[in-house]
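In: Below is the sequence, then the predicted model.
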Amino acid sequence: MAFFRNSTVNLLNLHYGIHALALSGGGAFFAVYLLRAGVPAHGVLASLAAILIGRFFIRPAVLPLCKRFGLKPMVIAGTILTAGQYLLLARVDGIGWPLFTLCAVSSIGDTFYWTTYHAYFASLGDAEHRGHQIGAREAIAALVGIAAPLLTGWALVTVGPEIAFGVTAVVLVLSALPLFFTPAVPIALEAPNAFWSARPGVALFVADGWMASGYVFVWQIALFKSLGENFAVFGGAMAVAAVAGAICGLLLGRFIDAGHGRRAVWLAAGTAAAVIAARAAGYGHPAIAIAANAAGALVVALYTPTMMTAVYNLSQASPCPLRFHIATEGGWDAGGAGGALTAAALLWAGAPFWAAILMGLVGTIAAFILLRRYYYAAPAPAPQMT
């Protein structure tokens with residue numbers, strides 16, 4: 001498998017796997033814990049939107065710091081900063097200062113981590129093996145995501161949120177260790193037209209963020225409610241989805257690298273739309289909801305490599321990958337915050353959960369149009385020998 005020969009990407013995927021262990025554990029319970037802590041559903045969505053809005057305004061600070069210290073140290077720093085929010089999450093009790101502090105700390109950590117990580121991965125990956133490498137990354141995340149939600153759900157019930165989320169914070173810090181063995185990536189002091197060249201990526205991420213507002217944000221709350229607001233059962237549903245994801249994790253990465261990106265767009269967008277519809281139909285019905293949640297593994301295997309292959313290749317070809325991802329991540333924040341606030345307004349006005357979930361279809365349709373434009377404009381590569 002030629003795509004495993006890049007030892008740096010292997011280290012990045014090891015980091016991502018440990019990082020995913022934390023996100024599929026404590027991270028999967030972020031929104032639903034706020035709900036159990038006394039924040040109403042529309043308030044949870046508004047809080048998530050506040051985090052994204054904070055990220056949007058903090059993100060310009062990433063560039064001067066990366067110029068000063070380099071990209072690699074900022075990925076490490078961002079990884080460690082993300083741990084702070086989980087130490088605060090257990091202290092939330094309804095709407096108040098602990099919640100406001102959590103939103104601020106989450107904004108800072110997430111801004112520095114995701115912006116620099118995506119730029120780092122794009123810079124060090126291989127365009128001809130991009131789909132394989134992303135598929136391998138997501139398969140690793142799915143594998144580690146099997147036990148993590150089960151253990152976190154058990155811990156929340158038996159030992160309490162302080163220990164459960166404290167372990168999540170420790171794992172996030174440990175995920176920085178593989179990054180110490182990866183190379184430095186210089187950041188150009190000047191990169192003319194770098195932000196302008198990021199427009200296709202920004203548009204893709206606005207669409208993706210809006211899709212996530214219904215497909216992820218609203219759905220996690222809806223699933224939790226459908227399962228009787230039981231942490232252990234919710235963790236079990238997440239583990240079932242991870243098993244499904246581990247089975248099909250590498251499927252579409254190979255498909256894209258073999259030159260089938262155009263067909264992949266139809267398959268990925270169609271699958272995402274079908275799963276969103278299934279989740280809307282499954283609200284309030286535990287068995288259907290668990291099945292619809294597990295079906296999300298198909299979206300991870302099909303949609304994520306299709307989206308991120310396009311974004312990472314655009315990034316690597318841009319004048320500066322870091323500036324590219326500063327712009328595109330801002331687009332994701334705008335799309336996600338807009339979708340989350342719209343969903344919060346719908347729920348506050350009395351709309352059913354299924355309506356807020358279906359709102360994600362708007363982003364799916366937009367992503368399909370933009371991805372189709374990218375893959376139909378890109379020349380199909382020759383088949384890869386593995």
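Out: On my side now, so go ahead. Keep in mind that what you see is a predicted model, and the values were worked out from it rather than measured.
In: Flag the shaky bits of the stretch 151-300 of the chain, pLDDT-wise.
Out: 245-261 (pLDDT under 70).
In: Which parts of it are helices?
Out: 161-174, 194-197, 199-212, 219-226, 231-247, 251-255, 261-282, 286-294, 296-317 (DSSP state H, counting those that start in this stretch).
In: Redo those helices as CSV? Include distance to Thr82 and mean neighbour count.
Out: Glycine gets a C-beta too; all of them are placed from N, C-alpha and C. Compiled in CSV, the helices of the stretch 151-300 of the chain are given as follows (distance: least, CB to CB, whole Å; neighbours: other CB atoms under 10 Å):
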stretch, distance to Thr82, mean neighbour count
helix 161-174, 5, 20
helix 194-197, 25, 17
helix 199-212, 18, 23
helix 219-226, 18, 24
helix 231-247, 19, 21
helix 251-255, 26, 23
helix 261-282, 26, 21
helix 286-294, 24, 19
helix 296-317, 19, 24
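In: So for Trp348, which of these sits nearest?
Out: helix 219-226 (13.3 Å; CB to CB).
In: Please work out which residues outside the closest one touch it.
Out: Helix 219-226 is contacted by residues 28, 31-32, 35, 41, 44-45, 234, 237, 279, 282-286, 289, 293, 353-354, 356-357 when judged by CB atoms under 8 Å, 6 or more residues apart in numbering.
In: and that helix, how far from the chain's centre?
Out: 18 Å (CA atoms, centre = their mean, to the nearest Å).
In: Specify the angle between it and helix 296-317 in degrees.
Out: Per axes from the mean of the first three to the mean of the last three CA atoms, to 10 degrees, the angle that helix 219-226 makes with helix 296-317 is 170 degrees.
In: roughly how far apart are the nearest residue to Thr342 once chain neighbours are set aside and Leu45?
Out: Nearest residue to Thr342, sequence neighbours excluded (CB to CB, 6 or more residues apart in numbering): Met359, at 6.3 Å. Using CB to CB, to the nearest Å, Met359 is found at 11 Å from Leu45.
In: For burial, what's the neighbour tally of Leu52?
Out: Applying other CB atoms under 10 Å, we find 29 residues neighbouring Leu52.
In: Which strand or helix spans it?
Out: helix 41-58 (DSSP states H and E).
In: Beyond that helix, next helix or strand please.
Out: helix 62-69.
In: Show me what the helix or strand just after that next one is packed against.
Out: With elements assigned by DSSP H and E, the helix or strand that comes after helix 62-69 is helix 71-82. Other elements packing on helix 71-82 under the criterion 3 or more CB pairs under 8 Å, 6 or more residues apart in numbering; DSSP states H and E are helix 62-69, helix 97-124, helix 161-174.
In: Can you name the residues in contact with the next helix or strand after helix 71-82?
Out: As assigned by DSSP H and E, the chain's next helix or strand after helix 71-82 is helix 84-89. With contact meaning CB under 8 Å, 6+ apart, helix 84-89 is reached by 22, 26, 30, 33-34, 98, 101-102, 105-106, 109-110, 161, 165-166, 168-169, 172.
In: swap the cut-off to 6 Å and go again
Out: The contact list for helix 84-89, computed with CB atoms under 6 Å, 6 or more residues apart in numbering, reads Gly26, Thr101, Leu102, Val105, Ser106, Gly109, Phe165, Thr168, Ala169.
In: As TSV, those with distance to Pro183 would be great.
Out: Shown next, in TSV, are those (distance: CB to CB, whole Å):
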residue	distance to Pro183
Gly26	30
Thr101	36
Leu102	35
Val105	30
Ser106	29
Gly109	24
Phe165	33
Thr168	29
Ala169	28
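In: if we can go back for a sec, okay, buried residues for the helix holding Leu52 please.
Out: Neighbour counts over helix 41-58 (16 or more other CB atoms under 10 Å) mark 41-56, 58 as buried.
In: Now do that helix against helix 219-226, angle only.
Out: Comparing the axes of helix 41-58 and helix 219-226 via the same axes, to 10 degrees yields an angle of 160 degrees.
In: just checking, what packs against helix 41-58?
Out: helix 30-36, helix 97-124, helix 321-348 (3 or more CB pairs under 6 Å, 6 or more residues apart in numbering; DSSP states H and E).
In: Let's see that with 8 Å instead.
Out: Against helix 41-58 (3+ CB pairs under 8 Å, 6+ apart) you get helix 30-36, helix 97-124, helix 219-226, helix 321-348.
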